[in-house]
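Novice: Sequence and predicted model, in that order:
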2 protein chains.
Amino acid sequence: MARERPTLDTVAAVAGVSRMTVSNAYNRPDQLSSATRVRVLEVASRLGYSGPDPTAASLRLRRTGTVGVVLTERLPYAFTDPGLVTILHGITTELSDAGNALLLVPAGGAGSESLVRHAMVDALILCSLAADDPAVAAAVERQVPLVTVGKPRLPRVPAVGVDNATAAASVARYLLDLGHQRFAVLTTVTGKRRTSSRTLFHERVDGFRDTLVEAGTAPSDVEVLTAADNSRPSGRKDVIELLSRTRTRRPSALFAVTDILALGVLDAATDAGLTVPRDLSVAGFDDIDAAAASRPPLTTVAHDLFGQGRAAARLALRQIAGESVRAPRIVAELMERASTARAPRSSRPGGAG
Amino acid sequence: MARERPTLDTVAAVAGVSRMTVSNAYNRPDQLSSATRVRVLEVASRLGYSGPDPTAASLRLRRTGTVGVVLTERLPYAFTDPGLVTILHGITTELSDAGNALLLVPAGGAGSESLVRHAMVDALILCSLAADDPAVAAAVERQVPLVTVGKPRLPRVPAVGVDNATAAASVARYLLDLGHQRFAVLTTVTGKRRTSSRTLFHERVDGFRDTLVEAGTAPSDVEVLTAADNSRPSGRKDVIELLSRTRTRRPSALFAVTDILALGVLDAATDAGLTVPRDLSVAGFDDIDAAAASRPPLTTVAHDLFGQGRAAARLALRQIAGESVRAPRIVAELMERASTARAPRSSRPGGAG
DNA sequence: TTGATGGCCTGGATCGATACAGAAGACACG
DNA sequence: CGTGTCTTCTGTATCGATCCAGGCCATCAA
């Protein structure tokens, strides 16, 4: 004799009070006598009533207490990127402090668009999405408060992120100052489906290359390599050929668009019997935790991913609260570590330093 | 002249059809003529209607398409633990394939209990929670399908996880076989609030120690160290004293209850000028990515965290679908790498191997 | 005794959608 | 021409809560 799920009404009827009184017993203890409250809760537990239904409450209240995060590509890949994990960490910290929960919404998958449309959220944070990702359009149509992190830039939507081109340019200038003359850039394809849209990786590559070329480097002295994906093994595999060349035929400095790739390069250098930075200077981007711990510690661009996550979440919460917001400036800083050094003399004209 | 938010009704009235037809235009295109559908959608977009409200739909349908994950302590810490991130990765992969979203629910914080109670989810996955965490009670009371990962074990709730004691015992036997006689175990406090409850870390420590003692090791030859938290710097800091002793006065093998801590020990060994494994054998637990990449590569216990995440999610989805489930057996496997070696002869009686 | 105050509780309206049964019209068939 | 089937669309009931205006009763000052 399985009775059906109890509701506020069921409990109210049995306890001999109104539905509203039961609701108050849970949500506003000060609105009823404690005697009544105790009795109501006792009846509720006897009936197996587990408290007001969150979905129904949300419908009535018109808020969910949840912020959605839409992530690049299929959601699973998010967790293989320590940079994204750090951003999530920041978002979570801020939301958690405000008593909000975090809904992870996959983008780029089969029903990604529909998931964005059906997500029960008060706001959406778009993380590193291609401008033409259908999930972006779906998010905009939802008419909920939006924030973007990294990409894309949307009109009237606050964006959190560094100026990738400028930051990459600073890496280029730094390597030039160290006397390097031949360079490689290691990037990665940015998604299986569309490569047309310009991503932050493109900005990094271009910012780096343009600066070098403007400073007089021959375009042919800036080799661009593309790894299969943004992972350490891919980074390792993709530079094997480069590192197997004789010293005079290979670049003396390499810039990888992510630390993950840069770490793969360090692995490859070890494999090839090269010493970093003596034989090759390596610089990365993001300053993930592993960058400072690698051997040698990785020179990279730090841009406070955690802080960007926090900022994005704060912008979302402010918009939910109806406040007007303005995106904060995020500062990128070159972290000079031991994976970069002056270029070997032989490759510099003039010899004397 | 801001007209209020349009609803199905608004659109229906303007388009001259019934509310249900508008709903069908979005959710069941085969239920109406395409001419009507086009007209309805056109009116909707003109009115700025952004599609059916997900919360209202969920209430009516009685399902949210969302699975909640309740994490140890304050949610933010979850992202500092690569093991947990890997589990999340697995959960996400499975959910994403099934078109479900993932709601992260913080436990252990101020309103954690209330967040669990208010989460709009079809099922909850409890990850490594203390049995007496109020979030656990709240989850049980919710009467939604539950799955636990690691801890706690609850009656009638499928649990995914390894047998920590047995796995730790295998580490102990392995080190005994290598001829070690003096040991250290590095563990960590498991939460700021309650230390009374028995966690998986306790199981690992006890499984390790009990095996050694049963094999004839004197209890005084198994030192237990407790790090401030589960982080690499803490692991490093906490063994400084140990490693600064003379060879005859320090253990020759150390077992850390997590890889993170073990990596910290490797750092400390480097600081102290010791060579691993010549001067000290180090073993960890979890087999996180960084374990294979460390110098030297870390001997550890692999237990397919990704797979456990997937399994947990699958169990949740099956329960939502009304199927009966049984928890799978998870196999833990000792990964022998280069951070462990035979004990130095001087510390073994009898000399000959 | 009267009117004001405040604590406790009630009932109807509402949030925005979907399910389901069935009506209306078009068309084919015997 | 009646009947049956198919497609397309409608209307009512329902999901489970919360808001809001107001009712009842006891206490208290005048």
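Specialist: Thanks, I have the structure now.

Novice: Can you find the residue of the stretch 101-250 of chain A that comes nearest to DNA strand D?
Specialist: residue A:120 (13.6 Å; CB to the nearest atom of the strand). For glycine as for every other residue, the C-beta is placed from the backbone atoms N, C-alpha and C.

Novice: residues in contact with the residue nearest to the spatial centre of chain A?
Specialist: The structure's chain A has its C-alpha centroid closest to residue A:84; by CA atoms, centre = their mean the separation is 3.2 Å. Taking CB atoms under 8 Å, 6 or more residues apart in numbering or on different chains, we find residue A:84 in contact with A:71, A:72, A:78, A:127, A:128.

Novice: Would you check which pair of those residues lies furthest apart?
Specialist: Largest separation among the contacts of residue A:84 by CB to CB: A:78 and A:128, giving 9.3 Å.

Novice: Give me the common contacts of these two.
Specialist: Residues touching both residue A:78 and residue A:128 (CB under 8 Å, 6+ apart) are A:71, A:72, A:84.

Novice: Of those residues, just say which sits nearest to residue B:58.
Specialist: residue A:71 (21.9 Å).

Novice: Now do the buried residues in the lowest-mean-pLDDT helix or strand in chain A.
Specialist: Ranking every helix and strand in chain A by mean pLDDT, DSSP states H and E puts helix A:112-118 at the bottom, with a mean of 86. Buried residues in helix A:112-118, counted by 16 or more other CB atoms under 10 Å in any protein chain shown: A:112, A:113, A:114, A:115, A:116, A:117, A:118.

Novice: hang on, the earlier thing: tabulate the contacts of residue A:84 (a markdown table), appending secondary structure.
Specialist: Converted to a markdown table, those look like this (DSSP: H, G, I helix; E, B strand; the rest coil):
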| residue | secondary structure |
| --- | --- |
| A:71 | strand |
| A:72 | coil |
| A:78 | helix |
| A:127 | strand |
| A:128 | coil |
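
Novice: need those residues in CSV with distance to residue B:151 and neighbour count, can you?
Specialist: Converted to CSV, the contacts of residue A:84 look like this (distance: CB to CB, whole Å; neighbours: other CB atoms under 10 Å in any protein chain shown):
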residue, distance to residue B:151, neighbour count
A:71, 28, 28
A:72, 32, 25
A:78, 25, 25
A:127, 31, 25
A:128, 34, 26
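
Novice: So among the residues you listed, where is pLDDT lowest?
Specialist: Scanning the contacts of residue A:84 for pLDDT, the smallest score is found at residue A:78, 68.

Novice: in the stretch 251-353 of chain A, what residue is nearest DNA strand C?
Specialist: residue A:320 (15.8 Å).

Novice: got the contact list for that residue?
Specialist: A:63, A:67, A:122, A:123, A:145.

Novice: likewise residue A:70?
Specialist: By CB under 8 Å, 6+ apart, residue A:70 lies in contact with A:105, A:106, A:107, A:116, A:124, A:125, A:126, A:127, A:129, A:135, A:139.

Novice: Not counting sequence-adjacent ones, nearest residue to the third one?
Specialist: Closest residue to residue A:107 apart from its sequence neighbours, by CB to CB, 6 or more residues apart in numbering or on different chains: residue A:135 at 3.8 Å.

Novice: do whichever helix or strand that neighbour is part of and DNA strand C meet?
Specialist: Element membership for residue A:135, per DSSP states H and E: helix A:134-142. No - using CB under 7 Å from any atom of the strand, helix A:134-142 stays clear of DNA strand C, with a minimum separation of 11.3 Å.

Novice: by contact count, what packs against that helix?
Specialist: Here helix A:134-142 touches helix A:112-118, strand A:123-127, going by 3 or more CB pairs under 8 Å, 6 or more residues apart in numbering or on different chains; DSSP states H and E.

Novice: And the longest one, how far out from the chain middle?
Specialist: Mean C-alpha position of helix A:112-118 versus that of the full chain (CA atoms, centre = their mean, to the nearest Å) differs by 19 Å.

Novice: hmm, who's touching that helix?
Specialist: A:68, A:70, A:105-107, A:109, A:124, A:134-135, A:137-139, A:141-142, B:51, B:54, B:57, B:65, B:99, B:101.

Novice: who touches the residue nearest to residue A:107 in this structure?
Specialist: A:70, A:105, A:107, A:108, A:112, A:113, A:116, A:126, A:129.

Novice: Report the two of those separated the most.
Specialist: So, these by CB to CB: farthest apart are A:113 and A:126, at 13.1 Å.

Novice: where's the closest residue to residue A:98 other than its chain neighbours, which helix or strand?
Specialist: Leaving aside its chain neighbours, residue A:98 sits nearest to residue A:317 (5.5 Å; criterion: CB to CB, 6+ apart). Element membership for residue A:317 (DSSP H and E) is helix A:305-320.

Novice: So what's the gap between that helix and the chain middle?
Specialist: Distance, stretch centre to chain centre, for helix A:305-320: 12 Å (CA atoms, centre = their mean).

Novice: the inter-axis angle of it versus strand A:123-127?
Specialist: In terms of direction (axes from the mean of the first three to the mean of the last three CA atoms, to 10 degrees), helix A:305-320 departs from strand A:123-127 by 150 degrees.

Novice: Would you mind listing the buried residues in the host helix or strand of residue A:261?
Specialist: Assessed by DSSP H and E, residue A:261 sits inside helix A:259-271. Buried positions in helix A:259-271, judged by neighbour count with 16+ other CB under 10 Å: A:259, A:260, A:261, A:262, A:263, A:264, A:265, A:266, A:267, A:268, A:269.

Novice: Stretch A:308-325 too?
Specialist: Judged by neighbour count (16+ other CB under 10 Å), stretch A:308-325 contains these buried residues: A:308-320.

Novice: which stretches of the stretch 1-150 of chain A aren't confidently modelled?
Specialist: Low-confidence segments of the stretch 1-150 of chain A (pLDDT under 70): A:1-3, A:73-78, A:108-111.

Novice: Recalculate using a threshold of 90.
Specialist: Within the stretch 1-150 of chain A, the segments meeting pLDDT under 90 span A:1-5, A:71-86, A:89, A:93, A:96-97, A:99, A:105-115, A:128-134, A:150.

Novice: and it, which of its residues are near DNA strand C?
Specialist: A:16-21, A:24, A:30-33, A:35-36, A:56, A:59-60, A:62.

Novice: rerun that using 6 Å as the cut-off
Specialist: Within reach of DNA strand C by CB under 6 Å from any atom of the strand, the stretch 1-150 of chain A has these residues: A:17, A:18, A:20, A:21, A:31, A:32, A:33, A:36, A:59, A:60, A:62.

Novice: hmm, back to that, between the shared contacts of residue A:78 and residue A:128, which is nearest DNA strand D?
Specialist: Set against DNA strand D, the nearest of those by CB to the nearest atom of the strand is residue A:71 (30.6 Å).

Novice: Strands of chain A, start to end?
Specialist: With DSSP state E as the criterion, chain A has strands at A:66-71, A:101-106, A:123-127, A:146-149, A:159-160, A:183-188, A:222-227, A:253-256, A:281-283, A:300-302, A:333-335.

Novice: Out of the ones you listed, the one nearest residue A:46 is which?
Specialist: strand A:101-106 (30.0 Å).

Novice: Pull the distance from that closest one to the chain's centre.
Specialist: The chain centre lies 13 Å from the centre of strand A:101-106; the measure is CA atoms, centre = their mean.

Novice: other SSEs contacting it?
Specialist: Right, strand A:101-106 is packed against strand A:66-71, helix A:82-97, helix A:112-118, helix B:82-97, strand B:101-106 by 3+ CB pairs under 8 Å, 6+ apart.

Novice: how about the CA coordinates for it, as PDB?
Specialist: Provided in PDB are the C-alpha atoms of strand A:101-106 (Å, rounded to 0.1, in the frame of the first residue of the first chain):
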ATOM      1  CA  ALA A 101      25.700  26.300  -6.300                       C
ATOM      2  CA  LEU A 102      27.500  25.700  -9.500                       C
ATOM      3  CA  LEU A 103      26.000  24.000 -12.500                       C
ATOM      4  CA  LEU A 104      28.500  22.600 -15.100                       C
ATOM      5  CA  VAL A 105      27.000  22.700 -18.500                       C
ATOM      6  CA  PRO A 106      28.800  21.000 -21.400                       C
END
